[in-house]
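> Got a predicted structure plus its sequence, pasted below:
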Amino acid sequence: MPITRSTSPSVDVPRGLAGVVVTDTALGDVRGLEGFYHYRQYSAVELAQTRGFEDVWHLMVHGELPDAVQLSAFAAQTAELRRLPDDVLAALPAIAAASGRSGPLAGLRTALSLLGASKGFRPVYDIGTDRRRADTVEAAAAVPTLLTALYRLSQGLEPVEPREDLPYAANYLYMLTGSEPDADRARAVEQYLISTIDHGFNASTFTARVIASTGADVAAALVGAVGALSGPLHGGAPSRALDTLDAIGSRDRIDPWIREHVLAGDRIMGFGHPVYRTEDPRSRMLRGIAERFGGPLVDFAIEVEKHVETILAELKPGRELHTNVEFYAGVVMELCGLPREMFTATFAAARVVGWSANILEQAEDSKIIRPVARYVGPEPPMAVPAVA
């Protein structure tokens, strides 16, 4: 739909820009009332169920799903870019040590900055479309290598060299654990990664676009997006959702635990979404993946989901609060052997492709994103007091 542009000096909008259209995009959309989202013209869930990660990566940055020849070439190109420059690799132990308990996602901000400098990324304002796209592909291909190396170094382990013969998700798990994953777990993680590549103008995507609108380089925009993703109200919730399951502990504690925390005004991590007013389609798909594995954790998660939704419907009538992507994402990643410190990092390993596509799209628009704020402080001008 066309954007209505006001001629007024300023326009009042809802807090958090909720529901405000800020630009046009051809990358996808989230239809919160329908419980549906898409990448370009395709259902994101259907893509996750039927295609590989490299297919969808190609779709996002090149605008079309690849045929067999294009896919082979793109997979080979991105696999070759997984290896890090020597100067970046040499700096990772110090970055891992400095980021310490903050985790690999904190280290990624520094490592991405260094990667951009090492590869000579230039401001997107100064380069053409092909060079911009190449920069995003180089950065995105390196992110799993950076994340897994930082994690392993933090655990006193040596980084694992990437393998060019493995697809994106399988190689990610291989670099993380040092062992080639079984096909079922690799595919489960791949489906999770595909389902989280992009999701409308969320906080991290908008951050990336704001930075790209200034004409900054690709690494700068990605670093900002990583910072936004690290917040617990955005990408930082998958492990917290599992922490909730741990805190509840047993079936007989579900109702009293949930009631106590809801009545106290606490947020139940893994439930509710700012856009969806139906079940999150990502959660539905991931629940199906979890059910394929089965086991006590899955059974308990499903039981908790049922009770939480019933209690929320009772205590918060009129609000549609269902599981969001983080709830079953945590369950699936736990089942696939990922450490909890790597849950949000794994989210970043997927979302970097969506950020990249948004950076490319924003770079085609020369208008800087520059909103205004309403001043509500003391009435100016006041005389500056003399030094006592």
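Sure thing, it's come through.
> Tell me which stretches of this protein form strands.
Using DSSP state E, the strands found in the chain span residues 28-31, 36-39, 42-43.
> Tell me which strands the first one pairs with, and in which orientation.
So the one you mean is strand 28-31. strand 36-39 (antiparallel) (DSSP bridges).
> do the same with the last one
Using DSSP bridges, the neighbouring strands of strand 42-43 in the sheet come out as strand 36-39 (antiparallel).
> Now the strand it pairs with: buried residues?
37-39 (16 or more other Cβ atoms under 10 Å). No exception for glycine: its C-beta is placed from N, CA and C like everyone else's.
> go on, stretch 169-186?
So, applying 16+ other Cβ under 10 Å, buried residues of stretch 169-186: 169-177, 181, 185-186.
> Tell me which two of those residues sit farthest apart.
Using Cβ to Cβ, these span at most 14.3 Å, a distance reached by 175 and 185.
> Show me where the stretch 201-350 of the chain has its helices.
203-213, 218-229, 238-248, 254-263, 281-293, 296-315, 325-335, 343-363 (DSSP state H, counting those that start in this stretch).
> Please name the residues that touch the closest residue to residue 209 other than its chain neighbours.
With sequence-adjacent residues excluded and distances taken as Cβ to Cβ, 6 or more residues apart in numbering, residue 209 is closest to residue 362, at 4.3 Å. For residue 362, the contact set (Cβ atoms under 8 Å, 6 or more residues apart in numbering) comprises 23, 208-209, 212-213.
> filter those to the buried ones?
Looks like the contacts of residue 362 have 208-209, 212-213 buried, using 16+ other Cβ under 10 Å.
> Dump the residues you listed into CSV; add distance to residue 348 and pLDDT as well.
Output for these, formatted as CSV (distance: Cβ to Cβ, whole Å; pLDDT from 0 to 100):
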residue, distance to residue 348, pLDDT
208, 12, 98
209, 17, 97
212, 17, 98
213, 21, 97
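> sorry, back to before: including distance to residue 319 and mean pLDDT, could the strands of the chain go into TSV?
Shown next, in TSV, are those (distance: least, Cβ to Cβ, whole Å; pLDDT from 0 to 100):
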stretch	distance to residue 319	mean pLDDT
strand 28-31	18	93
strand 36-39	20	94
strand 42-43	26	97
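> Please name whichever of these is nearest to residue 265.
That would be strand 28-31 among those, by Cβ to Cβ, at 27.2 Å.
> related to what we said a few turns ago, need the least confident one among the helices of the stretch 201-350 of the chain, by mean pLDDT.
Comparing mean pLDDT across the helices of the stretch 201-350 of the chain, the lowest value falls on helix 238-248: a mean of 85.
> Run through the neighbouring helices and strands of that one.
helix 254-263, helix 296-315, helix 325-335, helix 343-363 (3 or more Cβ pairs under 8 Å, 6 or more residues apart in numbering; DSSP states H and E).
> angle of that helix against helix 343-363?
Per axes from the mean of the first three to the mean of the last three Cα atoms, to 10 degrees, the angle that helix 238-248 makes with helix 343-363 is 150 degrees.
> check contacts around the residue nearest to residue 313 when sequence neighbours are not counted.
Spatial nearest neighbour of residue 313, chain neighbours left out: residue 321 (7.6 Å); criterion: Cβ to Cβ, 6+ apart. Residue 321 is in contact with 271-272, 309, 312-313, counting by Cβ under 8 Å, 6+ apart.
> mind redoing it with 7 Å?
271-272, 309, 312 (Cβ atoms under 7 Å, 6 or more residues apart in numbering).
> could you dump the residues you listed to TSV with distance to residue 131 and neighbour count?
Below are the contacts of residue 321 laid out as TSV (distance: Cβ to Cβ, whole Å; neighbours: other Cβ atoms under 10 Å):
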residue	distance to residue 131	neighbour count
271	43	24
272	41	17
309	48	17
312	49	19
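> Go through these and say which is closest to residue 231.
Taking the contacts of residue 321 together and measuring to residue 231 by Cβ to Cβ, the closest member is residue 272, at 15.5 Å.
> could you list every residue that touches the closest one?
321, 324.
> I'd like the numbering to begin with 35 instead of 1 from here.
Yep, numbering from 35; the last one is residue 306 now.
> re the thing from before, could you dump the buried ones among the contacts of residue 396 to CSV with distance to residue 286?
Shown next, in CSV, are those (distance: Cβ to Cβ, whole Å):
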residue, distance to residue 286
242, 45
243, 47
246, 51
247, 53
